[in-house]
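Q: Structure here, sequence nowhere to be found:
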């Protein structure tokens, strides 16, 4: 992927936002310069700087699944500093984590990598059918810790979805007024959905659209299967004949659902996988379907650092178009 | 419908509000000049400017029903810009949408068409018998995005109606203080009502009245059938012999229920219809019953743009009295 | 009833508050001059000015029962202006209505008659056993609309009574600080009470007492029957032998329960009645029992205006002592 | 009980706080001078001034039980002024009542007797197993009405106890910041307790301790029986052999539970009793057990004033040590 | 344990923070100097000053279990002053208690020992399966009472965990902004956990991690057993072969779960024990596993003062390395 800049040069070298970054920023014309600045920081960090592509390292699994399940396989991950250093060394666009992890290492690594403060989190010590995360940090925390964005999880389909949407609305309004970027994890879940439905194509596209309508700048969803959950939707998918056989087609559909591609949509990697080739194929599908990148947690920090760097490097090459 | 102005001329041409607009504004005497100004903007935009009639384009179906069900049939609609342009080209009085859609295109189209920010929205990923939408935007959002009005949905009949009324009350007070107009979607729904009862004449008239009492400037209801839901009401309808055989009679009754016609009541078009003639007949009935117009979403954006423009043009001609 | 003024004269004519008004105001010694001023306005408006008696026109039935059930029998009542004009022509002390009705006509009739803004309302589209009205207006609304009082409904006996009391507490504190008067509709209702118990003497007296303890200036209750609902209370009524055979005796007991007659207690008229003589007898009983008057909605606006004026005139004469 | 003052004299007469009052005030060293001043006012009012003993007149029974059950036996009690006058004539330390009763007579009796505003109240029109009172007044009300203290009821053992504790916490913090004193009625009640358990010794001591930990300056509990409710507690009472055979022993234990006697604990009189001697014996037990006095409602205002004055006079003599 | 200081001397004596204290403070680099100062006060108080080890006296059992169960065995404990004096004489790092106990004695002992205000508390008068403590004090209270820290209890596993996390979040943000330290009691409890699971190793480690992610500076958990509760976690513990046979190994694992040892984790002593040697062995295991110390309530104040001082002295010697 060629990275071109149309205007300014310093010492004969093009500087400033690339044409692609400018194009992406143009989709967020309603935002204030503060928010555009922080979005630009995300777009201009790491090895994919200027390409409009993203690889983000998220580490909230300690909270979400427990510390041993998350870090025992690679105990370096117990240390909050490890993830900053991993994200930095790998050339990620950003590192996302809950309050404690950010507080524990943000000062030491001040300014080294864009930070996303995960503002709400959910643990698995209590079982519930219709989950709702707890709000565990504030926009004020994001500002005092030097973050460029807040991250907020919603569970469309949960009986508590209304509450989550309203919490997000309030946080997003405050974040935007403070010049922060808003990243939304949109994960369908709850008693109204079947297990298979949580990653159904129609449901995933719907979840991406809801996040976009709620004002997200960046949307994170899971990779969709070709299953269709809702009968009223299924009828449309079949009558209009929306292509969904390949993963790239499904990614394309989800990206379209997010304002015809005018919102940044990235995809999560899911659990640690044995087979790297499968993950690389997913990255190719995301790229070929017009997706904006990946957010890869467990597949990054649950393997030795050197393996992780190589693994992430390959994914970045795929997004950069250096590997087919 | 003749559009007359009693007072001022510029270059021999009458300017300023028409007599009808002045009459309508006189019903809102308690409002501040800011709110009257924005109401005047709604009354003076598009092809029906000055007539006191309305055709509004609402596009919240992506949130309410999902993106594919809403836009797959005419994929141009995935793009937020499309609807601004459609509303503008068709000569609508206003365009109404949730936060994300407005944010995504309001700056590009700044000032081109009056905007209504849909402040609350409901999705269909979670099933519930007594629904309540989530508040997804604020009055502050409406102001920063250049909107002339907030739009708010209530579901009279829901077990959560009290909460919605109180959310609306708070939003409406703030909106009015800021010089915005308040548009209320009043859709009866919930376990206390039968499915047929949701569009019953008595229930629709009641829903319009509640919206008016809650301080709405503009009220949107569904077209009522001649069914009567509540037995205590039915007794009155039959003893007083309220005419309800024709749609025009029913529209007239609903308009009367909204402060004897002193509140603007518009009617929704419902799902995409095969038969345009049926929609045109509905518009005639709305016009003849003293209704103030239509709010037409799916029948507008779910057909190719040229068809939509022609379709909306016909409806506007009906309201303008250019077609019988 | 002689109306006497002890002090000031203008052109030989006694002016200022009558002795009775001064006496009544003396019961509200803790209130600020603003609240006393608005209470004085209520006491000095209409045909009963200066007598300490009240006939108030309330029109919230459109919200509470639906528009057709309320206004179809006399369709003039659909128009918000009608009720202002009816109250004014009849010489009522005040007109009470929800936000929408007040907003729709307050400017046109500014200052013509004291206004009471009904701050909470309940509709009958949703059925519940333990009702709670929605708060539909604010003290700020009352101030901007020129009202002299807020009106607030509580349902003692409802499982939600605590919430209503707390809403009232907050509104009343703000209203008093702003110099407004507080009128409380106290209507026992809910699963803990039998249907007959809702108007039982013990329950009605209790409801009046609760309203007084919550800080109401004016209390509205229903006329009580001689039924006794609560066994612990019944024992006292019977052992102390509280007179309750006649309506006047029961009114007297309720007035006593409201701080020994040191709070203004008025009684509601109930549904439209065939038999005017029955209503007049009720007014006599209220008068003879030391009640402060009536709040008469449906019996006023559900008959032709001229009938209503004559009907209300007779009631006022009864209160003024011009008719036995 | 000798009342001694160590320091100042005016005209040869010792003035200022007595040694006992100074000792009691020393337990509240963390409070600001405003709160200490109001606590001193309570300790220096009425016939027990300077002794460190209390007899308080509370009249919230109209709200809690209904007006007829409370006042019909002595109808003078319907009048709010009556209780101010009774408390003053009897030489009580304070008069405690809900908002309405205080508002109705505080101005006329301004400064005559220390007032405690009962900030929350419960009625018996609605039955519930786990009760929670409604908050019916504010700290701001206490200040504008010249009160020296707020009174707040908690029901430890209720499923809603957490809510009450949090309401009290908020009110107490505000009251203390405004220099008011905090009086807590701590009445165990709810589905987790047996009826007998509500006045069990272990439960009463626990209730007093909770009130003290919540920051109460003065704690009101019911007189405990020798019953023990909670098995874990019972084991300790029996193994340590805590004396509980006599009422004085039980009072002593409850006082000890309230910070080893460093919080003022007073006891309620319960329902109107036939047998005055029994009440006097209770007062002796309170005195001998180191209790700080009584709060006596129904036994005061449900008998003719002269009887009440004599009755209260005897109790005060017991507390003053003038009667054995 | 040698206590070394690298830099400053006064009169030839090394002063200022020890190297170990500086190391610990370095983990809290995101905190403001105010919070670091208060954390330093905790690290520099008592007999373990400068060692980085803690023995804290907590006395909230009167609220949590009732006064007699807590203090009857050593009645000196009813007096709030007793615990200040015990903690001071024993050389504890801090004394932690609810509002009432702190208010009752903080002024007399001002500055003598660092204070932790327990901001929420739970009583056992009401039984519930999914407990939630009541918030019983504020950050403002901690400041006005001279405390160095707030203490907050969460129950991971309770159905109300989300609420507790959000209450903690809000309190912690305010506390940190005010320069206070945040101590979190993290006690798994609720219907989703078995009784054995409450102290399971996986659950305890998870609870410590959650507290750390919520921004706690100091974390208090119970000593874990070798039981594993959650099957997904169990699989990891067994496959990775996390050592858990000895208590020291389990302590080490929990400390690792709290940011790889970069958060202070202390362990609670549990109920009064017959066998002191067992407690000392636990202290050795905490020390050898890298734990930061103990918080010992009942084993301290439920024995005679001299015994308690000796007992605590032995534990401190263990932590200081003076006893093997």
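A: All right, it came through fine. Just so it is clear, the structure is predicted and the values come from calculations on it, not from any experiment.
Q: list the contacts for the closest residue to chain C within the stretch 101-250 of chain A?
A: The stretch 101-250 of chain A approaches chain C most closely through residue A:162 (17.7 Å), counting by Cβ to the nearest Cβ. C-betas here are computed from N, CA, C, even on glycine. By Cβ atoms under 8 Å, 6 or more residues apart in numbering or on different chains, the contact list for residue A:162 reads B:132-134.
Q: Just the element for it, please.
A: Per DSSP states H and E, residue A:162 falls inside helix A:161-177.
Q: do the same with residue A:312
A: Residue-wise, residue A:312 maps onto helix A:305-320 under DSSP H and E.
Q: are any of the contacts of residue A:162 buried, and which?
A: By neighbour count, with 16 or more other Cβ atoms under 10 Å in any protein chain shown, the contacts of residue A:162 hold B:132-134 as buried.
Q: beta partners of the residue in the stretch 51-200 of chain A positioned nearest to chain D?
A: Nearest to chain D, among the residues of the stretch 51-200 of chain A, is residue A:134, at 17.7 Å (Cβ to the nearest Cβ). Going by DSSP bridges, residue A:134 is paired in beta bridges with residue A:121.
Q: who's in contact with it?
A: A:120-122, E:161-163, E:165-166, E:169.
Q: Could you rerun that using 6 Å?
A: Residue A:134 sits next to E:162, E:165-166 when contact means Cβ atoms under 6 Å, 6 or more residues apart in numbering or on different chains.
Q: Might one say that residue A:227 is in contact with residue A:196?
A: Yes: Residue A:227 is in contact with residue A:196 according to Cβ atoms under 6 Å; the separation is 5.3 Å.
Q: Neighbour count: those two, which is higher?
A: Neighbour totals were compared for residue A:227 and residue A:196, and residue A:227 leads with 17 against 12 (other Cβ atoms under 10 Å in any protein chain shown).
Q: which residues are in contact with stretch A:217-225?
A: For stretch A:217-225, the surrounding residues in contact (Cβ under 6 Å, 6+ apart) are A:181-186, A:199, A:201, A:204, A:207-208, A:211, A:250, A:258, A:263-268, A:295.
Q: hmm, try it at 7 Å
A: A:28, A:39, A:181-187, A:199-201, A:204, A:207-208, A:211-212, A:247, A:250, A:254, A:258, A:263-268, A:270, A:282, A:295 (Cβ atoms under 7 Å, 6 or more residues apart in numbering or on different chains).
Q: Please apply the same query to stretch A:73-80.
A: Residues contacting stretch A:73-80 (Cβ under 7 Å, 6+ apart): A:67, A:70-71, A:82-83, A:101, A:104-105, A:301-305, E:240, E:256-257, E:259-260, E:262.
Q: Report the distance from it to the chain centre.
A: Stretch A:73-80 sits 22 Å away from the centroid of its parent chain (Cα atoms, centre = their mean, to the nearest Å).
Q: For it, give the distance from the opening residue to the closing one.
A: 16 Å (Cα to Cα, to the nearest Å).
Q: ok, back up a step: next secondary structure element downstream of the helix holding residue A:162?
A: Following helix A:161-177 in sequence, per DSSP H and E, is strand A:181-186.
Q: what about that next one, average pLDDT?
A: For strand A:181-186, mean pLDDT is 98.
Q: Also stretch A:123-140?
A: 94.
Q: The helix or strand where residue A:220 lies pairs with which strands, parallel or anti?
A: Assigning secondary structure by DSSP H and E places residue A:220 in strand A:218-222. Here strand A:218-222 is paired, per DSSP bridges, with strand A:181-186 (parallel), strand A:264-268 (parallel).
Q: Next, format those strands as a markdown table and append mean neighbour count.
A: Below are those laid out as a markdown table (neighbours: other Cβ atoms under 10 Å in any protein chain shown):
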| stretch | mean neighbour count |
| --- | --- |
| strand A:181-186 | 28 |
| strand A:264-268 | 24 |
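Q: quick one: low-confidence parts of the stretch 101-250 of chain A?
A: Applying pLDDT under 70 to the stretch 101-250 of chain A flags no residue at all.
Q: That one against chain E: which residues are in contact?
A: For the stretch 101-250 of chain A, the contact set with chain E under Cβ under 7 Å from any Cβ of the partner chain comprises A:101, A:103-104, A:106-108, A:121, A:123, A:125-127, A:132, A:134-138, A:140-141, A:145.
Q: out of those, which are buried?
A: Looks like those have A:101, A:103-104, A:106, A:121, A:123, A:125-126, A:132, A:134-138, A:141, A:145 buried, using 16+ other Cβ under 10 Å.
Q: pLDDT (mean, whole number) over stretch A:14-30?
A: pLDDT averaged over stretch A:14-30 gives 93.
Q: how about that stretch: buried residues?
A: A:17-18, A:20-22, A:24-25, A:27-28, A:30.
Q: how much space between residue A:294 and chain D?
A: Distance, residue A:294 to chain D, using Cβ to the nearest Cβ, to the nearest Å: 44 Å.
Q: Surely that residue forms part of a strand?
A: Yes: under DSSP: H, G, I helix; E, B strand; the rest coil, residue A:294 sits within a strand.
Q: re the thing from before, now tabulate the contacts of residue A:162 in TSV and tack on distance to residue B:9.
A: Converted to TSV, these look like this (distance: Cβ to Cβ, whole Å):
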residue	distance to residue B:9
B:132	51
B:133	46
B:134	49
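Q: between those residues, which is closest to residue C:3?
A: Lowest distance from residue C:3 to the contacts of residue A:162 (Cβ to Cβ) belongs to residue B:132, with 53.2 Å.
Q: how much space between the closest residue to that closest one other than its chain neighbours and residue C:134?
A: Once flanking residues are discounted, residue B:132 sits nearest to residue B:160: 3.9 Å by Cβ to Cβ, 6 or more residues apart in numbering or on different chains. Separation of residue B:160 from residue C:134 (Cβ to Cβ, to the nearest Å) stands at 10 Å.
Q: Repeat that for residue A:105.
A: Separation of residue A:105 from residue C:134 (Cβ to Cβ): 49 Å.
Q: Same question for residue A:216.
A: Residue A:216 is 32 Å from residue C:134, by Cβ to Cβ.
Q: just residue A:154 next, same as before
A: 27 Å.
Q: Please apply the same query to residue A:75.
A: Applying Cβ to Cβ to residue A:75 and residue C:134 gives a distance of 56 Å.
Q: Residue A:38 now?
A: Taking Cβ to Cβ as the measure, residue A:38 falls 41 Å from residue C:134.
Q: Check residue A:121 too.
A: Remark: distance between residue A:121 and residue C:134 (Cβ to Cβ) = 34 Å.
Q: and what of residue A:129?
A: In terms of Cβ to Cβ, residue A:129 sits 30 Å off from residue C:134.
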